[in-house]
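Visitor: here's a sequence, model it:
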Amino acid sequence: MYKSFKFNYLFNATLSAIAIILAVTPANALPEQNINTVVKWAKTRPQLPTLRYNSEAHGYEGTKGKLYFYADVTSQNGTVAKEGITVSGDSSLKFTIKNAKAVKLLQNIYNLNIANDFQKSRYITKIGRDQFYRGQKFAYIAAEVQGGSSLQIIPLHKLQEFINNAKYCQTNQCDV
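Guide: Model prediction:
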């Protein structure tokens, strides 16, 4: 009887710990997750629009007010390759590591960990209009676009691939 009580106690304690971890861990959807996870997550973020599939762009996108959000999807398995946010019509918001308004927007959309990762990321290079940053968790590509500012979040291990592609597109015609 003592062993069964001890087992039940340990089982319940473990289950409680898992429940607490799941309750406090903020849900967020980021590159390399399944698109279904991202679409469901976007519905829980009041700042984000409803995402709809765009076959020409091979991903999901939506606009809400001055904010445009998209998630590029790999065709093979529905995995998000990168995500992007563009804010137009607000000259005070620029996706730079020193812009408090941009960092706060990232915190509101994702969480404090992602906002801090971007804010503490290291500038790598600029190619054309794109500025590349290396964080601890993700890599980021910031750009000033017509009428606004944009930020892409990409997997950290693909940073060099994105840099190489941007260099290639400087001298060759690429689909944007």
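
Visitor: residue 126: which element?
Guide: Using DSSP states H and E, residue 126 sits in strand 122-127.

Visitor: same check on residue 80?
Guide: Going by DSSP H and E, residue 80 is part of strand 80-88.

Visitor: you'd agree residue 155 is up against residue 72?
Guide: No - under the criterion of C-beta atoms under 8 Å, residue 155 is not in contact with residue 72, lying 11.6 Å apart. For the C-beta atoms, the positions are set from N, CA and C on the backbone; glycine is no exception.

Visitor: give me the common contacts of these two.
Guide: 81-82 (C-beta atoms under 8 Å, 6 or more residues apart in numbering).

Visitor: rewinding a little: direction included, what does the strand holding residue 80 pair up with?
Guide: strand 67-73 (antiparallel), strand 148-155 (antiparallel) (DSSP bridges).

Visitor: and the strands in the protein?
Guide: Along the chain, counting by DSSP state E, strands occupy 52-54, 59-64, 67-73, 80-88, 122-127, 130-134, 138-145, 148-155.

Visitor: those strands: lowest mean pLDDT?
Guide: Mean pLDDT values for the strands of the chain show the minimum at strand 52-54, a mean of 91.

Visitor: direction included, what does that one pair up with?
Guide: Sheet pairing of strand 52-54 (DSSP bridges) gives strand 59-64 (antiparallel).

Visitor: and the strand it pairs with, how far out from the chain middle?
Guide: For strand 59-64, the separation from the chain centroid amounts to 14 Å (computed by C-alpha atoms, centre = their mean, to the nearest Å).

Visitor: buried stuff in it?
Guide: 59-62 (16 or more other C-beta atoms under 10 Å).
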